[in-house]
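Q: build me a structure from this.
(2 chains)
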Amino acid sequence: MSFPTDSPPKPQFSEAAKAEIDRICKQYPAERRKSAMLPVLHIAQAEFGGWVAPEVQDLVAEVLGVKPIEVYEVSTFYTMFNLKPVGKHVLEICRTGPCQLRGSDELTLELERITGAKVGGGPSADGLFTLKEVECLAACGFAPVVQVREKYYEQLDTEASVNAMLSELRNMVHRPALPWEEKGLPNAVANN
Amino acid sequence: MGRKLLTEHINVEGIDTFEVYRKHGGYRSVEKAIKTMTPDEVVEEVKKSGLRGRGGAGFPTGMKWSFLAKPEGVPRYLVCNADESEPGTFKDRQLMSKLPHLLVEGMITSSYALGANTSYIYIRGELLYVLRILEKAIAEAYANGFLGKNILGSGYDLDLYVHPGGGAYICGEETALLESLEGKRGNPRNKPPFPAVQGLYARPTVVNNVESIAAVVPIVNDGGDEYAKIGVGKSTGTKLISACGHLNKPGIYEIELGVPVEEFIYSDEYCGGIWKGRDLKAVVAGGSSVPILPKELILKTAAGENRLMTYESLSDGGFVTGTMLGSGGFIAMDDTTCIVRNTWNFSRFYHHESCGQCSPCREGTGWLEKILHRLEHGHGSERDIDVLASVAKQIEGNTICPLGEAAAWPVSAAIRHFREEFEWHIRYPQEATRPGAVFPGKAVLA
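A: Residues are numbered from 1 along each chain as shown, chains lettered A, B, ... in the order given. From the prediction side, this is the model:
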């Protein structure tokens, strides 16, 4: 007799992502497939709505041929992997010294005010934005800086520059396609 | 104007493509090395150049290369450290995104010198967009016969890959980087064994910073002796300085080592002085972990000599009155800056980035942050300054990797040079915590 289950359907990588994962795994010795852990987690996060749910991490483990715990150890160590659902756009605001010298504290308050989201909290009421403070993004000369997915928004020390960033994000229907997706349609920006 | 060995063509349109890069003399070092030199001769040129590791430690690159173990029949690896994360440092990101082929060329020439047939560029995960740029450049190099099997008909094979991190400052430490490249948490390894003997997959491995690898290109093209003619003493060649903070012209500057610090800050060729017409208060000259120096000591040594942008001049006076060139992350602070706030910020960074493996670092960085937080917010007590200094001292030297020191040094140095400002926060918390408050000078404590 089996137990009834109401667990969510098992996630699957798209064909394009599978091909990309195959390409990446070939970069390491055959017996070192685990090396592909971080690149595959990045792909998983991009594929499944900007965060890596436990079942997504289990899928990563399966694809790499490692135990799930080996993925959990890694996903909880590196700050780029979101372990809870996020809004359409995760604004990663640099808070480290050089950005603070050029106004990152004020920028964070302003972004909280405009979006209604709180740093470290859940997505904004409209589901559009998650605010996350991060450490140095290596763009100190162009401070203050916010990263959204693979794009850096720099010198956000004026109302105009902040508004330009937010309106670009608000008008984005799909997240930008990643190189391996270019043949097909990109996944819609996830709406959690 | 100083010579630009790395960035001469950085603003040429299309320089990120193979064709344009090649037209401007690109990939000559690969041809010269593979066709006319033995691997050992390339290593010899790098030794002669006096090149010192550009990631921060300043260890001679040629010497590091000569330590690489070369047992018969065992693969060895070259891994480029592109995990640029030291606050204040943003030179490698710029170099890789604008001149991707320079790094690819440097990797090929360096891999040949070390006898590596597989090499990796480990780039911090936040720079995925730069990874895409590098992968495009690598594909072009393969298509033109500079990577893959039998490069330029020489019989030498090389595969080059880019590997992203996941957001962890500690992975800039070379053994943490290797753990991360193996798909694990970035916990630094105990040494010995050193990577030169047991590195990636327990094979002999050299790990070099992006800028160091890039510098191999002009060194091989023009010879190590030519490179060594630039600079002062043991600080040879050019260095990328990433300047930020309260400057009129923050940005990346390739300088000949030996430029006076004063000229670097104030001349229009470089940073163009302090913003808003304000005065300079302090500088962190080589990334957040090096000791902060007040204006007087960054412009002149304690002996009254002009401070130069060299490894030796910046460290003149040791940690009592000097600092370090480090990674070249140059952070300038104007006279309105709160040193307590800045020190708290850096401590929060190191606490956040400690991997948690060693108790002195895991717990110590937490205490530094907590005590500095309460000082900055007006809840400090007279004892706190001594407790801070004592915690910092107990972290130093008691950890597997240098993150402990990196966390301790900024705190010790801030107390050393700006003790009165900490005392002001304790004795006059209401004044000191008012928004925009500026330390009025030590007379206020009298």
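
Q: pLDDT below threshold where in chain A?
A: Residues of chain A that meet the criterion pLDDT under 70 lie in A:1-8, A:183-192.

Q: where do the strands of it begin and end?
A: For chain A, applying DSSP state E gives strands covering A:89-94, A:129-134, A:146-148, A:151-153.

Q: now the ones you listed in JSON lines, with mean neighbour count and distance to chain B?
A: In short, each C-beta sits where N, CA and C put it, glycine included. Shown next, in JSON lines, are those (neighbours: other Cβ atoms under 10 Å in any protein chain shown; distance: least, Cβ to the nearest Cβ, whole Å):
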{"stretch": "strand A:89-94", "mean neighbour count": "24", "distance to chain B": "8"}
{"stretch": "strand A:129-134", "mean neighbour count": "22", "distance to chain B": "7"}
{"stretch": "strand A:146-148", "mean neighbour count": "23", "distance to chain B": "6"}
{"stretch": "strand A:151-153", "mean neighbour count": "18", "distance to chain B": "7"}
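
Q: and of those, who's closest to residue B:285?
A: Minimum separation from residue B:285 across these (Cβ to Cβ) falls at strand A:89-94, 20.8 Å.

Q: what strands flank the lengthiest strand in chain B, and is each parallel or antiparallel?
A: Across chain B, the longest stretch assigned as strand under DSSP E is strand B:238-245. Strand pairing for strand B:238-245, using DSSP bridges, gives strand B:251-256 (antiparallel), strand B:329-334 (parallel).

Q: point out the most buried one among the ones you listed.
A: Of all those, strand B:329-334 has the most neighbours on average by mean count of other Cβ atoms under 10 Å in any protein chain shown, namely a mean of 28.

Q: contacts for that one next, please.
A: A:97-98, A:101, A:140, B:86-91, B:241-247, B:264-265, B:271, B:274-276, B:278-288, B:339, B:342 (Cβ atoms under 8 Å, 6 or more residues apart in numbering or on different chains).

Q: bridging residues for residue A:92?
A: Beta-bridge partners, per DSSP bridges, of residue A:92: residue A:132, residue A:147.

Q: pull the contacting residues for it.
A: A:132-134, A:137, A:146-148, B:126.

Q: spatially nearest residue to the residue of chain A found nearest chain B, not counting backbone neighbours?
A: Here chain A gets closest to chain B at one residue, residue A:78, 3.0 Å apart by Cβ to the nearest Cβ. Distance criterion Cβ to Cβ, 6 or more residues apart in numbering or on different chains; nearest residue to residue A:78, sequence neighbours excluded, is residue B:166 at 3.0 Å.

Q: part of a helix, is that neighbour?
A: No. Assessed with DSSP: H, G, I helix; E, B strand; the rest coil, residue B:166 is coil; it does not lie in a helix.

Q: how about the residue positioned nearest the centre of chain A, nearest residue that isn't a chain neighbour?
A: Chain A has residue A:50 as the residue nearest its centroid, 4.4 Å off, counting by Cα atoms, centre = their mean. Closest residue to residue A:50 apart from its sequence neighbours, by Cβ to Cβ, 6+ apart: residue A:86 at 4.6 Å.

Q: residue A:79 now?
A: residue B:167 (3.8 Å).

Q: now the helix or strand hosting residue B:217 against strand B:238-245, angle please.
A: Element membership for residue B:217 (DSSP states H and E) is helix B:210-222. Helix B:210-222 runs at 150 degrees relative to strand B:238-245, counting by axes from the mean of the first three to the mean of the last three Cα atoms, to 10 degrees.

Q: mind listing what's buried in helix B:210-222?
A: By neighbour count on 16 or more other Cβ atoms under 10 Å in any protein chain shown, the buried set for helix B:210-222 is B:210-221.

Q: stretch B:143-153 too?
A: Those would be B:146-147, B:151, for stretch B:143-153 by 16+ other Cβ under 10 Å.

Q: now swap in stretch B:72-85 and tell me
A: B:76-85.

Q: and chain A, which of those residues reach it?
A: Restricting these to those within reach of chain A (Cβ under 8 Å from any Cβ of the partner chain) leaves B:84-85.

Q: care to break the chain down by domain?
A: I'll assume chain A. A:15-75, A:89-170 (automatic domain parsing).

Q: please go with chain B instead
A: Following automatic domain parsing, one finds the domains of chain B at B:18-222, B:232-334, B:339-445.

Q: want to try TSV for the ones you listed, with mean pLDDT as columns?
A: Shown next, in TSV, are the domains of chain B (pLDDT from 0 to 100):
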stretch	mean pLDDT
domain B:18-222	97
domain B:232-334	97
domain B:339-445	96
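
Q: okay if I get those domains as JSON lines plus distance to residue A:67?
A: Converted to JSON lines, the domains of chain B look like this (distance: least, Cβ to Cβ, whole Å):
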{"stretch": "domain B:18-222", "distance to residue A:67": "12"}
{"stretch": "domain B:232-334", "distance to residue A:67": "36"}
{"stretch": "domain B:339-445", "distance to residue A:67": "21"}
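
Q: out of these, which is closest to residue A:15?
A: domain B:18-222 (20.4 Å).

Q: what is the neighbour count of residue B:163?
A: Around residue B:163 there are 24 other residues, counting by other Cβ atoms under 10 Å in any protein chain shown.

Q: would you list the phi and psi of the closest residue to residue B:438 other than its chain neighbours?
A: Distances taken as Cβ to Cβ, 6+ apart place residue B:336 nearest to residue B:438, at 5.1 Å, with adjacent residues excluded. Per-residue torsions, residue B:336: phi -100, psi 0 (degrees, to the nearest 10).

Q: correct me, but the residue of chain A closest to chain B touches residue B:165?
A: Yes. Shown here, residue A:78 and residue B:165 form a contact pair, counting by Cβ atoms under 8 Å, at 7.1 Å.

Q: and for these two, which residues touch both?
A: Residues touching both residue A:78 and residue B:165 (Cβ under 8 Å, 6+ apart) are A:38, B:125, B:186.

Q: return the member of the residues you listed nearest to residue B:177.
A: residue B:186 (7.2 Å).

Q: would you confirm that the residue nearest to residue B:438 contacts residue B:440?
A: No. Using Cβ under 8 Å, residue B:336 is not in contact with residue B:440; the gap is 11.6 Å.

Q: ok, the two, which is more surrounded?
A: residue B:336 (15 against 12).

Q: what sits against the more buried one?
A: B:278, B:281, B:436, B:438.

Q: need the max-distance pair from these.
A: Across the contacts of residue B:336 (Cβ to Cβ), the longest gap, 14.9 Å, separates B:281 and B:436.

Q: so for the two, which sits in the more crowded spot?
A: Neighbours around residue B:281 and residue B:436, counted as other Cβ under 10 Å, are more numerous at residue B:281. The numbers are 21 against 6.

Q: secondary structure class for that one?
A: Residue B:281 ends up strand, using three-state DSSP.

Q: from chain A, how far out is it?
A: 11 Å (Cβ to the nearest Cβ, to the nearest Å).

Q: how about residue B:159?
A: The value you get for residue B:159 to chain A, if Cβ to the nearest Cβ is used, is 8 Å.

Q: how about residue B:278?
A: Going from residue B:278 to chain A by Cβ to the nearest Cβ gives 12 Å.

Q: confirm for me that that residue is in contact with residue B:248.
A: No. With contacts counted by Cβ under 8 Å, residue B:278 stays clear of residue B:248, the gap being 10.3 Å.

Q: ok, back up a step: residues touching the residue nearest to residue A:79, list them.
A: For residue B:167, counting by Cβ under 8 Å, 6+ apart, the contacting residues are A:78-81, A:134, B:124-126.
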